[in-house]
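Colleague: Fold the following, please.
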Amino acid sequence: MAEIKISELQEVRFAEFFLQTQKEFYMFIVIEGIDGSGKSTQAQRLGQFFQSRGEKCIVTRLPSDNAIGKLARASSMGQFSAEREALALLYAADMAQHFHEEIRPALERGDHIICDRWYFSTLAYQGRVLKNAVSCDEFAENRRIQAGFRERAYANGQFFNTLRGGSASPAESCRQRKETAASSGVAGNGGTGERPAADDDAISRILAYNQNMLARCSPDAVLFFDLPPEECMRRISARRTETSIYETTAKLHRLRESFLHVFERLPEGVHIINSAGSEDEVFEKVLEVVRGVLRQ
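Modeller: Below you'll find the model as predicted:
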């Protein structure tokens, strides 16, 4: 597959898209994390926060509730098996359909969107064996170009694309993680010594599947809820009896490493939030990030 370049035409179309949708200030926030990290709870609370301010907000999720999303969700529950590349395409199709059916119309109305999982989850979950595609560096540059368009389009002070605040950066989190593993003698992937589930070639392949759709809209903020997999499994076991095929301690360790690897390669707008503690304590950390974006 030939490498996909960011053309001047793409830049113009992207700028036109955001200028056309500037009916009122809105945010597109993505919530990420391994299962049991508390991300879905915090997504709902953040939606309630916006609504309490009298602002329209939609909280949605991937896999979605459309027919494609239900099929993707069934695969994660072990109801059928498929090749990893087929699953990556299935999740890409769900994301594209969900974007056109729900996310883009909401953004055009000027609603806030909070999405529980986005393409970062696809990269972490389906990125293990796929090969060859547009480079991660080019896609990261695409996100930086989009951020620049947003900053210029909202130069009146209503919109901020670059997040600032107290959360650890992906690079800093990775450095701390490696130092901890080195000092404890424990391998970074739950003690297995395996490589992260997602590698750069795999990430690039999945990005290529979604390139046309993702060039139109990139999240303003990505909040990754980070919690030790052992605690995640404790929460999962306490709250429900049915688990997905990904919900074992070993698999959650590998998925956490995959997410952090993805964020090292695509760090734009990513905030890693320690989700240990009470719901209220974690939500205060969420608001700290959001307040760095919003002008009160």
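Colleague: Contact partners for the nearest residue to residue 70 once chain neighbours are set aside?
Modeller: In this structure, residue 70 finds its nearest non-sequential neighbour in residue 63, 7.3 Å apart by CB to CB, 6 or more residues apart in numbering. From N, CA and C alone the C-beta is placed, and that goes for glycine too. By CB atoms under 8 Å, 6 or more residues apart in numbering, the contact list for residue 63 reads 69-70, 72-73, 76, 91, 94, 117.
Colleague: give me the element residue 63 is part of.
Modeller: Assessed by DSSP states H and E, residue 63 sits outside every helix and strand.
Colleague: cool, residue 36 as well?
Modeller: Remark: residue 36 resides in no helix or strand, with elements defined by DSSP H and E.
Colleague: dump the residue contacts of it.
Modeller: By CB under 8 Å, 6+ apart, residue 36 lies in contact with 227, 229, 231-236, 247, 252.
Colleague: that older thread, columns distance to residue 265 on top of the contacts of residue 63, output as TSV?
Modeller: Formatted as TSV, these follow (distance: CB to CB, whole Å):
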residue	distance to residue 265
69	26
70	30
72	24
73	27
76	24
91	19
94	23
117	18
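Colleague: Which pair in these has the greatest spatial separation?
Modeller: Farthest pair in the contacts of residue 63 (CB to CB) is 70 and 117. Separation: 14.9 Å.
Colleague: higher neighbour count, the two?
Modeller: residue 117 (23 against 13; other CB atoms under 10 Å).
Colleague: Grab the nearest non-local neighbour of the more buried one.
Modeller: Residue 117's closest residue in space is residue 62 (CB to CB, 6+ apart), at 4.2 Å.
Colleague: Pretty sure that neighbour sits against residue 91.
Modeller: Yes. The criterion here is CB atoms under 8 Å, and residue 62 meets it with residue 91 at 7.4 Å.
Colleague: Need the nearest residue in space to residue 88, chain neighbours excluded.
Modeller: residue 126 (3.9 Å).
Colleague: Apologies, that question was intended for residue 40.
Modeller: Nearest residue to residue 40, sequence neighbours excluded (CB to CB, 6+ apart): residue 116, at 5.4 Å.
Colleague: burial of that neighbour, as a residue count?
Modeller: Neighbours of residue 116 (other CB under 10 Å): 20.
Colleague: show me what contacts it?
Modeller: The contact partners of residue 116, taken as CB under 8 Å, 6+ apart, are 31, 39-40, 43, 59-62.
Colleague: need the residues you listed in TSV with pLDDT, neighbour count and distance to residue 106, can you?
Modeller: Output for the contacts of residue 116, formatted as TSV (pLDDT from 0 to 100; neighbours: other CB atoms under 10 Å; distance: CB to CB, whole Å):
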residue	pLDDT	neighbour count	distance to residue 106
31	98	29	16
39	98	24	20
40	97	17	19
43	98	24	15
59	98	20	11
60	98	17	8
61	97	18	14
62	96	21	15
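Colleague: could you say what helices and strands the host helix or strand of residue 250 packs with?
Modeller: Element membership of residue 250, judged by DSSP H and E, is helix 249-265. When contacts are defined as 3 or more CB pairs under 8 Å, 6 or more residues apart in numbering; DSSP states H and E, helix 249-265 sits against helix 119-126, helix 170-184, helix 200-209, strand 221-226, helix 229-239, strand 270-274.
Colleague: Distance to residue 86 and mean pLDDT added to those, as a markdown table?
Modeller: As requested, the helices and strands packed on helix 249-265 are exported to a markdown table (distance: least, CB to CB, whole Å; pLDDT from 0 to 100):
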| stretch | distance to residue 86 | mean pLDDT |
| --- | --- | --- |
| helix 119-126 | 10 | 87 |
| helix 170-184 | 29 | 50 |
| helix 200-209 | 12 | 72 |
| strand 221-226 | 26 | 97 |
| helix 229-239 | 27 | 96 |
| strand 270-274 | 28 | 96 |
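Colleague: Out of these, which gets nearest to residue 47?
Modeller: Using CB to CB, the helices and strands packed on helix 249-265 put strand 221-226 closest to residue 47, at 12.9 Å.
Colleague: how far off strand 270-274 does the closest one point, in degrees?
Modeller: When axes from the mean of the first three to the mean of the last three CA atoms, to 10 degrees is applied, the directions of strand 221-226 and strand 270-274 differ by 30 degrees.
Colleague: Please name the strands paired to strand 221-226 in the sheet, noting orientation.
Modeller: strand 28-33 (parallel), strand 270-274 (parallel) (DSSP bridges).
Colleague: For residue 280, which residues are in contact?
Modeller: If you count contacts by CB under 8 Å, 6+ apart, then residue 280 has nothing around it.
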